[in-house]
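**Q** here is a sequence with its predicted model. Questions after.
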Amino acid sequence: MSVFKESGHLFRLAALYAVGTLTFLFIRGVLVPKSFGQYGHYRGNAITEIAAHPIHFAGHQACDTCHTDVQQLKQSGMHARVNCEGCHGPLAKHADDPSVQPAKLDTAKLCVRCHAASAAKPRGFPQVAALDHSNGLPCETCHKPHSPAISAGGAK
Amino acid sequence: MTTGVEGYMYPNEITLYWSVLIVLYPYITGLVAGAFILASLERVFRVEAVKPTYRLALLTALSFLLVAPLPLQLHLGHPERSLEMYFTPHRTSAMAMFGFVYLWYLMAVLTVEIWLDYRHDIVVMAQSSTGMKRWFYKVLTLGSNNISDRALAIDERVGWVITLIGIPSAFMLHGYVGFIFGSIKANPWWSSPMMPVVFIFSAMVSGIAAVMLLYMLVTRLRKQKIDMLCVDTIARYLFYMFIVDFSLEMLDLIHRIYEADESFRSLNFMVHTKLYFSQIVLQICIGTLVPIALLGLTQVLQLHEIVRKRIYVAAGCLTMMGIFAMRWNVVIGGQLFSKSFLGYTTYKMALVTREGLLMSIALTILPLFILWALVKLLPPWPKTAKGELPA
């Protein structure tokens, strides 16, 4: 009896904490999306939303149907296993409607993305220190992008 | 960017992502845990001598605890997202669960303990002060003016229980910081079950040193006489804690040297080159051995009060620096070497960036301002010659 009376302030503190917790739970209820945790630690609806995104990449096969010449050239060279869109960027719009012009590529920037020398790359991977190698010239001046290897005695 | 790399680094190791702010975070959290444990000495183990620092230690813990998450917020950016950690808790992530450890310690331990301890004063001040201040204290009383002996006795008991819960909580708070590093199994410099233990003891060392220095400084500023019995006792605890802490660190070191696993050559080389100054010179020699020797001197010799005070200040400052160097060596050291054990990178601290030197200095000073404000609002010492305040 008197213990309860004398510890009234403690009950007030407890009530304050309880109100705090309830407020937290309320805000949480409002803010956390309903589908959160449906499949895992993420918003379940995200899956359908992401699936509804427009497609950006057409895929290698799509390019091959119209650009058979390039495809064959590439197939014979060292870039055989490099995807068209790995260099040209996402071109689904172009594949649907060829009148959409793909952007021009700047080989001085494009090629070093993969071929810049770095100790972290496997030793066997062809890599160059771009400045020493080409002195700032676009790589295209000497290499054919779709069949880049320069054979000994071939075009310089 | 590649400058400062010696030997071979994986590309993602060249730049250090955990900057000086991440050094600050365990440093500040350590001060919180250490200050609290010093306070609980008086409460639970009834060490009467350290009573003059009891409230100061609690307020110190609170002001540092309030700043503790800031380095993380600044490092990560998007502070508004930190709430997500509470809304959608990720139970398998050690870092995500730290939010709850922090919240528990702040809300369930420290705030409640301070409130209970100050309740008598708050009620008195709510009646004696005027204007804005009066309202502030009135809100803090939660509308209850009951300061009968019975009520205060109940507060005392509840406070004791809270402190009892608080000690393991303080251990958990800082042990957890050590655990976050110690559980990173990909990094041999961190991955060690000793990490939480070493962190806890170094936290106690730095926290005790901080409260000792603050007490001496504040007493000086108030033009009061320093209670030598109190400072002597604190210094003795600091000495003991330091010895335990140092032994643990040496144990860890000896273990590593003897085990000499595949990472050893690389780490050993690092300690003798890149980390030589911060680890061997700053942390071990100037920051540990010298203060231990100084404190040991005061234990063995009968020194004059003035000399003891000077020694305590010197040892305290060196300790604070040494523990900072320890955090630095853990956090920065753990990122300087390549996981291929074939190379080393360099940490170059920025100056005015969001994670730069100026920011970390600001974050180190900020708790002192908070403490100053807290001390103004809730004076830790008896105001007038009203005699003993209830503890």
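**A** All right, it came through fine. Numbering: from 1, shown residues only, chains lettered A, B, ... in the order given.

**Q** which residue is it, in chain A, that comes closest to chain B?
**A** Taking CB to the nearest CB, chain B has its nearest neighbour within chain A at A:His9, 3.7 Å off. From N, CA and C alone the C-beta is placed, and that goes for glycine too.

**Q** name the nearest residue to that residue, ignoring sequence neighbours.
**A** If the residues on either side of it in the chain are set aside, A:His9 comes closest to B:Ser144, at 3.7 Å by CB to CB, 6 or more residues apart in numbering or on different chains.

**Q** elements contacting the longest helix along chain A?
**A** As assigned by DSSP state H, the longest helix anywhere in chain A is helix A:8-31. Packing contacts for helix A:8-31, counted by 3 or more CB pairs under 8 Å, 6 or more residues apart in numbering or on different chains; DSSP states H and E, involve helix B:84-87, helix B:111-128, helix B:149-182.

**Q** as a markdown table, those helices with mean pLDDT, distance to chain A and mean neighbour count would be great.
**A** A markdown table is the format used below for the helices and strands packed on helix A:8-31 (pLDDT from 0 to 100; distance: least, CB to the nearest CB, whole Å; neighbours: other CB atoms under 10 Å in any protein chain shown):
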| stretch | mean pLDDT | distance to chain A | mean neighbour count |
| --- | --- | --- | --- |
| helix B:84-87 | 92 | 5 | 15 |
| helix B:111-128 | 94 | 7 | 20 |
| helix B:149-182 | 92 | 4 | 19 |
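
**Q** how about those in CSV, adding distance to A:His56?
**A** Supplementary listing: these in CSV, determined by distance: least, CB to CB, whole Å:
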stretch, distance to A:His56
helix B:84-87, 29
helix B:111-128, 52
helix B:149-182, 38
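
**Q** of those helices, which is nearest B:Ala350?
**A** Each of the helices and strands packed on helix A:8-31 was checked against B:Ala350 via CB to CB, and the shortest separation belongs to helix B:149-182, namely 22.9 Å.

**Q** could you check the angle helix A:8-31 makes with that closest one?
**A** Helix B:149-182 and helix A:8-31 are oriented at 40 degrees to each other (axes from the mean of the first three to the mean of the last three CA atoms, to 10 degrees).

**Q** pLDDT below threshold where in the chain?
**A** All of this is about chain A. By pLDDT under 70, the weakly predicted segments of chain A are A:1, A:151-156.

**Q** please go with chain B instead
**A** For chain B, residues meeting the criterion pLDDT under 70 lie at B:1-3, B:383-391.

**Q** for chain A, what's its nearest residue on it.
**A** The nearest approach of chain B to chain A comes at B:Ser144, 3.7 Å away (CB to the nearest CB).

**Q** could I get the contacting residues of B:Gly287?
**A** The contact partners of B:Gly287, by CB atoms under 8 Å, 6 or more residues apart in numbering or on different chains, come to B:Leu318, B:Thr319, B:Met321, B:Gly322, B:Ile323, B:Phe324, B:Ala325, B:Met326.

**Q** turn the residues you listed into JSON lines, including distance to chain A and neighbour count.
**A** Rendered in JSON lines, the data for those read as follows (distance: CB to the nearest CB, whole Å; neighbours: other CB atoms under 10 Å in any protein chain shown):
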{"residue": "B:Leu318", "distance to chain A": "41", "neighbour count": "21"}
{"residue": "B:Thr319", "distance to chain A": "37", "neighbour count": "29"}
{"residue": "B:Met321", "distance to chain A": "37", "neighbour count": "17"}
{"residue": "B:Gly322", "distance to chain A": "37", "neighbour count": "28"}
{"residue": "B:Ile323", "distance to chain A": "34", "neighbour count": "27"}
{"residue": "B:Phe324", "distance to chain A": "34", "neighbour count": "21"}
{"residue": "B:Ala325", "distance to chain A": "32", "neighbour count": "23"}
{"residue": "B:Met326", "distance to chain A": "32", "neighbour count": "29"}
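
**Q** among those, which are in helices?
**A** With DSSP H as the criterion, helices contain B:Leu318, B:Thr319, B:Met321, B:Gly322, B:Ile323, B:Phe324, B:Ala325, B:Met326 from among the contacts of B:Gly287.

**Q** can you give me phi and psi for the residue lying closest to the fourth one once chain neighbours are set aside?
**A** This points to B:Gly322. Counting by CB to CB, 6+ apart, B:Gly287 is the residue found nearest to B:Gly322 once chain neighbours are left out, at 1.8 Å. Phi and psi for B:Gly287, reported as degrees, to the nearest 10, are phi -90, psi -10.

**Q** so B:Gly287 versus B:Phe242, what's the distance?
**A** The span separating B:Gly287 from B:Phe242 equals 10 Å under the rule CB to CB, to the nearest Å.

**Q** same deal with B:Leu24?
**A** 22 Å.

**Q** cool, and B:Ser338?
**A** For B:Ser338, the distance to B:Phe242 under the criterion CB to CB works out to 34 Å.

**Q** higher neighbour count, these two?
**A** Legend: neighbour count by other CB atoms under 10 Å in any protein chain shown for B:Ser338 and B:Phe242, higher for B:Phe242 (26 against 19).

**Q** which residues are in contact with that one?
**A** B:Phe242 sits next to B:Val205, B:Thr288, B:Pro291, B:Ile292, B:Leu295, B:Thr319 when contact means CB under 8 Å, 6+ apart.

**Q** which helices and strands sit right next to the helix or strand harbouring the fifth one?
**A** Just to be clear, that refers to B:Leu295. Element membership of B:Leu295, judged by DSSP states H and E, is helix B:290-300. Here helix B:290-300 is seen to pack against helix B:228-259, helix B:305-331 when contacts are counted using 3+ CB pairs under 8 Å, 6+ apart.

**Q** which positions within it qualify as buried?
**A** Applying a neighbour-count criterion of 16 or more other CB atoms under 10 Å in any protein chain shown, the buried positions in helix B:290-300 are B:Val290, B:Pro291, B:Ile292, B:Leu294, B:Leu295, B:Thr298.
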